[in-house]
Every structure is written in structure tokens, then in C-alpha cells.
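J.: Structure, please.
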Amino acid sequence: MAGVAQAQDTARYRVDVAFNWTAEDELDAHWSRLIAFAHSSRYSLFRDGDTASSGLALVATNGRVSVLEAELAEGRRRGRVGAHVVLPGVASPGAFSFDMTVDETLGHISFATMLAPSPDWFSGASGVQLRTEDNWLDQVTVVLWPWDAGVDSGPDYTGPNVETQPRQSIRLLTHPDFLTADGLAPIGRASFTRLP
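T.: Residues are numbered from 1 along each chain as shown. Predicted structure coming up:
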């Protein structure tokens, strides 16, 4: 994190998301559509140990964003969610970029995209805080990890769908392809840069 900007009611950020995950060529490794949105501290897209919402579960299992968009619309009605964007999927390794405006009450950004093909594996950032006290941060960088949504027990990338009942909690993905001698490896990075 570097520097802060003087307080204003709103701020606009450029978000650059880069994924370095690669898989065997025959897998057609890619990321599904990415859905991103501004929200308050009272909204959470995902947390380690939580149960995935229906919307996040569908993003993680097949890249569908419509149910999550409906959940965001309900959050917007309650004043907890602001604008959202949906970006087309990209090959992996690959990158996404978008701009988003946040304000004093909706000063966080979250996003998610499916790691594909996979049972229910995804990556993203949840609740990135862009304001501290009365100041907007100039730059925030977060490491991106692979996550298991806990809704499909398929053991590998292209195995059959095996619905997990009851659903398990969201957790960091411990599949051997993502483990190194030093432990779980990050699969990307996101930078949030305040625009003038």
C-alpha cells in the first residue's frame, strides 16, 4: 500500500487483475466472466469458512453471473451494493481491467471469476478496502489465491459434477497442482489505482 489521497465523497479506481495460472494445453485453461462490484463493509462476497451463496456457487461451478447479479440487486436495494461490471472471460494466463467508482459508504470492491475447467474452483478478491478513516488510498495491491466453493466434490479439472450435500465451507484450494514445497502458491495479483 502506498500513500493516501485527501478526503472526497467519491473516488474512481482502475483495477488491473492478472492471473498467472497455467494448466496442460488440452484443458483449454481459462477464466470465466469476471463480475466485480462496489459495496459497503456490511456486504461480503466470500470469506474462508463461510458457505457460498447461490450466486457465487454458480460463478464457481459454471461461470454464470445472473444469480449473483440478482443477489447484488437485492444488496443494492438495501443500500449495501453499488455499481457492478461483468467482463468477458479470458484465456489463462490472462488479465482483466476495469474502472469503478466508490463512495464513502460503498468504499470496498469485490470480484470473482471461475477457474475453468474445474468442479467449483474460483479466484477473486473480497472486500478490498479503499478508504481508511477520511482518506482514499492511492494504491492497493492484493494477492489472489485459488478457492474451492464447497459445492462440487469433483476431484479434478474435467471430472463429472458431484454435488456436495450438504455444502461445505469456502476454503483455499489444496489440489496438488496448486501446492509447492513452500505451500499454496498464489495464482495472481490485483492492483487498485486511484485515478485523478
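J.: centroid residue for the protein?
T.: residue 124 (2.1 Å; C-alpha atoms, centre = their mean).
J.: is it true that that residue touches residue 110?
T.: Yes - with contact defined as C-beta atoms under 8 Å, residue 124 counts as touching residue 110 (6.9 Å). To be clear about C-beta, it is placed using only N, CA and C from the backbone, and glycine gets the same treatment.
J.: Overlap of the contact sets of those two?
T.: 45, 46 (C-beta atoms under 8 Å, 6 or more residues apart in numbering).
J.: Now residue 68. Its backbone dihedrals?
T.: With angles defined as degrees, to the nearest 10, residue 68 sits at phi -60, psi -40.
J.: OK, contacts around it?
T.: Contact analysis of residue 68 by C-beta under 8 Å, 6+ apart lists 35, 53, 55, 56, 58, 59, 112.
J.: helix/strand/coil for the fourth one?
T.: Following DSSP: H, G, I helix; E, B strand; the rest coil, residue 56 is assigned to helix.
J.: quick one: it and residue 50 touch, right?
T.: No - in this structure residue 56 lies outside contact range of residue 50 using C-beta under 8 Å: 9.3 Å.
J.: higher neighbour count, the two?
T.: Counted by other C-beta atoms under 10 Å, residue 56 and residue 50 do not tie: residue 56 has more neighbours, with 26 against 15.
J.: if I look at the more buried one, how far off is residue 64?
T.: Distance, residue 56 to residue 64, by C-beta to C-beta, to the nearest Å: 11 Å.
J.: Could you list the low-pLDDT ranges of the protein?
T.: In the predicted model, the chain carries pLDDT under 70 at residues 1-8, 24-26, 159-160, 165.
J.: Repeat the analysis, applying 90 as the threshold.
T.: 1-8, 22-28, 133-134, 152-168, 174-182 (pLDDT under 90).
J.: Please enumerate the helices of it.
T.: Along the chain, the stretches classed as helices by DSSP state H are 54-62, 66-77.
J.: Show me what counts as buried in the last one.
T.: Within helix 66-77, the residues that qualify as buried by neighbour count (16 or more other C-beta atoms under 10 Å) are 68, 71, 72, 75, 76.
J.: what's near enough to touch the nearest residue to residue 103 once chain neighbours are set aside?
T.: With C-beta to C-beta, 6 or more residues apart in numbering as the criterion, residue 103 has its nearest non-adjacent residue at 4.6 Å, and that residue is residue 10. Residues near residue 10 by C-beta under 8 Å, 6+ apart: 101, 102, 103, 104.
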